[in-house]
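J.: I'll drop the sequence and a predicted model, then ask my questions.
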Amino acid sequence: MIIDTLKEKLAADPFRRFIVRSSSGEGYRVSTPDLVVLMKSSFFIAQPNSDRATTIPYLHLAAVEELGEASKPRRRTR
């Protein structure tokens, strides 16, 4: 099931970026697991460095596509 795939991808170490496709064909890039929330009946993703976010009901999740690149660990600045 696609929800199980999302859980696996979000928990992977190292995290590998991926795209979530909705049933409408829209693609949403997941660059970091910190901006994603798996809710009871939907998938929430915030866009980095903006006030924009998208909520997709699980019924409308069509695919998860690998980008094949591992994200670099971010250094925290003080």
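T.: Here it is on my side, so go on.

J.: okay, CA-based contacts and neighbour counts for the rest of this
T.: Noted.

J.: find the centremost residue of this structure, please.
T.: The chain has V30 as the residue nearest its centroid, 3.6 Å off, counting by C-alpha atoms, centre = their mean.

J.: wait, what's in contact with that residue?
T.: Residues near V30 by C-alpha atoms under 8 Å, 6 or more residues apart in numbering: 17-20, 36, 45.

J.: try 6 Å this time
T.: V30 is in contact with 17-19, counting by C-alpha atoms under 6 Å, 6 or more residues apart in numbering.

J.: before we move on, what about A62?
T.: Neighbouring residues of A62 by C-alpha under 6 Å, 6+ apart: 21-23.

J.: on that earlier part again, quick one: which of the contacts of V30 is most hemmed in?
T.: Neighbour tally across the contacts of V30 (other C-alpha atoms under 10 Å): the maximum, 22 neighbours, falls on F18.

J.: below-threshold pLDDT in the chain: ranges please.
T.: Counting by pLDDT under 70, the chain contains low-confidence ranges at 68-78.

J.: helices of that one, residue ranges please.
T.: For the chain, applying DSSP state H gives helices covering 2-11.

J.: all the strands of it, in order from the start?
T.: 16-22, 27-30, 36-38, 42-46, 53-57, 61-70 (DSSP state E).

J.: okay, these in TSV with distance to I3 next?
T.: Shown next, in TSV, are those (distance: least, C-alpha to C-alpha, whole Å):
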stretch	distance to I3
strand 16-22	11
strand 27-30	14
strand 36-38	8
strand 42-46	9
strand 53-57	11
strand 61-70	9
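
J.: among the ones you listed, which is nearest I2?
T.: Nearest to I2, of all the strands of the chain, is strand 61-70, at 7.2 Å by C-alpha to C-alpha.

J.: contact partners for S24?
T.: Applying C-alpha under 6 Å, 6+ apart, no residues contact S24.

J.: hmm, I typed the wrong one, I wanted A46.
T.: A46 makes contact with 35, 53, according to C-alpha under 6 Å, 6+ apart.
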